[in-house]
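>>> any chance you could fold what I've pasted below:
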Amino acid sequence: MRRLTSVIGIGVIFLAGALLVGLLAGVWWLAVVIVLVGLAILIARWIVVGRNWQSWGYLERQEDLYLTHGVLFRTMITVPYGRMQLVEVRSTPLQRWYGLATVQLVTASASTDAAIPGLLPDEAARLRDRLSELGEARASGL
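Numbering: from 1, shown residues only. Okay, here's the model as predicted:
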């Protein structure tokens, strides 16, 4: 899904720029350079998106949920079940077309809000229900 949006976004921007330079300014060699730069960026983005997708992971532990993602800049988040205020499943039209969903966690601290993208809808619903259940059980002592 992210590769498709990259192809569309980068393709539109760089092809439109190349056409404008070529048609309006008549500098066709510069238009070719713009297309080649766009193609190089698209190839790099294609590789990075694949590596980034593989870096996402989560683990349901005894007292908290552990999330990790990132290739160059690695992010590791631990969200205690008792701190979860809201767990929701989101799905954009493009995600639905690809059969994907995102689980969004909202906590008391805005800096620890987390999301788990790219889940199948059944797994996202299961995870939402499980996290909500654990969050209610851990928050009952507050």
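
>>> how close does the residue of the chain most remote from its centre get to residue 19?
If you look at how far each residue of the chain sits from its centre, by C-alpha atoms, centre = their mean, the farthest one is residue 26, at 39.6 Å. Per C-beta to C-beta, to the nearest Å, residue 26 is found 12 Å from residue 19. Placement of C-beta: from N, CA and C, glycine included.

>>> where do the domain boundaries of the protein fall?
Listed by automatic domain parsing, the domain ranges of the chain are 2-53, 57-139.

>>> what about the shortest one, start to end distance?
From its first residue to its last, domain 2-53 covers 9 Å (C-alpha to C-alpha, to the nearest Å).

>>> now stretch 111-126
25 Å.

>>> who touches that stretch?
If you take C-beta atoms under 8 Å, 6 or more residues apart in numbering as the criterion, stretch 111-126 is touched by 53, 56, 58, 65, 67, 77, 79, 83, 89, 91, 99-107, 127.

>>> still on that earlier bit, worst average pLDDT in the domains of the chain?
Of all the domains of the chain, domain 57-139 carries the lowest average pLDDT, namely a mean of 88.

>>> what are the phi and psi values at residue 100?
phi -120, psi 160 (degrees, to the nearest 10).

>>> can you show me the helices along the protein?
For the chain, applying DSSP state H gives helices covering 2-20, 28-55, 93-98, 121-139.

>>> what is the longest one packed up against?
If I follow you right, that is helix 28-55. Helices and strands touching helix 28-55, by 3 or more C-beta pairs under 8 Å, 6 or more residues apart in numbering; DSSP states H and E, are helix 2-20, strand 64-69.

>>> between those, which one is nearest to residue 44?
Checking the helices and strands packed on helix 28-55 against residue 44 by C-beta to C-beta gives helix 2-20 as the closest, at 9.9 Å.

>>> run the angle between the closest one and helix 28-55 for me.
Relative orientation of helix 2-20 versus helix 28-55 (axes from the mean of the first three to the mean of the last three C-alpha atoms, to 10 degrees): 170 degrees.
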